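> after the sequence you'll find the predicted model.
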Amino acid sequence: MKELVVALANPLMRRGVVEAIDGAEGLRVVMEVDAAEGVLPAVAAHEPDLVVLESDFRRKETALLDTLAREFPATAILVFVDHDFDECAVRAVVEGAEPFRLSSEAIERLDDCCMYALRAHAKGCIPQTAPAEELLASVRMVLAGQISAGPWVNTLLSPYKNGNGKDRVPQISARELEVIELIARGMGNKAIARELGIREQTVKNHLARVMEKLHVESRLELALEAIRHHLVHVDPT
């Protein structure tokens, strides 16, 4: 039996999520939380397998996701985000892309999308408007150790199969997704290292792991896959 904490402010939304989870086989909600300050005590008390967390709580407690990941590494995080997956895909593509020239204010308004949640240690995200079946599918994916982040990420991962023909979804980290995006924009290892604030060797390590996971053999092939699945914007000129 997998145990979950549900942390959502809206009582109707929270009740719907709890009923959906408790009605599913192998899942049980052990505690409900209605405020940001109650999340850490609830997780500390129950040490759940998963916490379903409202993105608004991250705004109120800016270090919440980092603290959860650091102090409770065995508890996965699934974030209810304010944006749908299409909006989130757009934000991930255009953030920092030169042709769009988004203002810092515009980026700030979009900082609760799924990409932010993944970068801040969440294992998945789900729009608040998602139906119960999508919520449960996302919960089960995260509990299985996979990233659940909507079709714009899953489309990139889904074509890769294991030896017996079944889908094999490699576990791509949020940092690896960032590296893929920057490679597809034509950046070299040194430029990526400067952009992400990491060592060049770390970029090379990420690149090697991603290429192995996705069964590609060159930076060009990796970039083409990312472009084909609309993970990056490319100026047609």
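Here it is on my side, so go on. Numbering: from 1, shown residues only.

> which ones are touching residue 179?
192, 196, 203, 206, 207, 210 (Cβ atoms under 8 Å, 6 or more residues apart in numbering). (C-beta placed from N, C-alpha, C; glycine too.)

> next up, the contacts around the fifth one.
Counting by Cβ under 8 Å, 6+ apart, residue 207 makes contact with 179, 183, 189, 219, 222.

> hmm, which helix or strand of the protein has the shakiest average pLDDT?
Within the chain, confidence by mean pLDDT, DSSP states H and E is lowest for helix 151-157 among all helices and strands, at a mean of 47.

> follow-up on the earlier one: neighbour-wise, which one of the contacts of residue 207 leads?
When neighbours are taken as other Cβ atoms under 10 Å, the top entry among the contacts of residue 207 is residue 179 (27 neighbours).

> following the chain onward from the helix ranked longest in the chain, which element is next?
In the chain, assigned by DSSP state H, the helix with the most residues is helix 200-214. Using DSSP states H and E, the helix or strand that follows helix 200-214 in sequence is helix 219-228.

> need the three-state assignment for residue 78.
Using DSSP: H, G, I helix; E, B strand; the rest coil, the structure places residue 78 in strand.

> for it, name its beta-bridge partners.
When assigned by DSSP bridges, residue 78 has beta-bridge partners residue 52, residue 124.

> residues contacting it?
Listed by Cβ under 8 Å, 6+ apart, the contact set of residue 78 reads 50-53, 122-126, 138-139, 142, 148.

> show me which residues of the longest helix of the chain are buried.
Neighbour counts over helix 200-214 (16 or more other Cβ atoms under 10 Å) mark 202, 203, 206, 207, 210, 211, 213, 214 as buried.

> dump the residues you listed to a markdown table, plus distance to residue 29 and pLDDT.
Below are the buried residues of helix 200-214 laid out as a markdown table (distance: Cβ to Cβ, whole Å; pLDDT from 0 to 100):
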| residue | distance to residue 29 | pLDDT |
| --- | --- | --- |
| 202 | 39 | 92 |
| 203 | 41 | 93 |
| 206 | 36 | 90 |
| 207 | 40 | 91 |
| 210 | 35 | 84 |
| 211 | 40 | 85 |
| 213 | 33 | 78 |
| 214 | 35 | 75 |
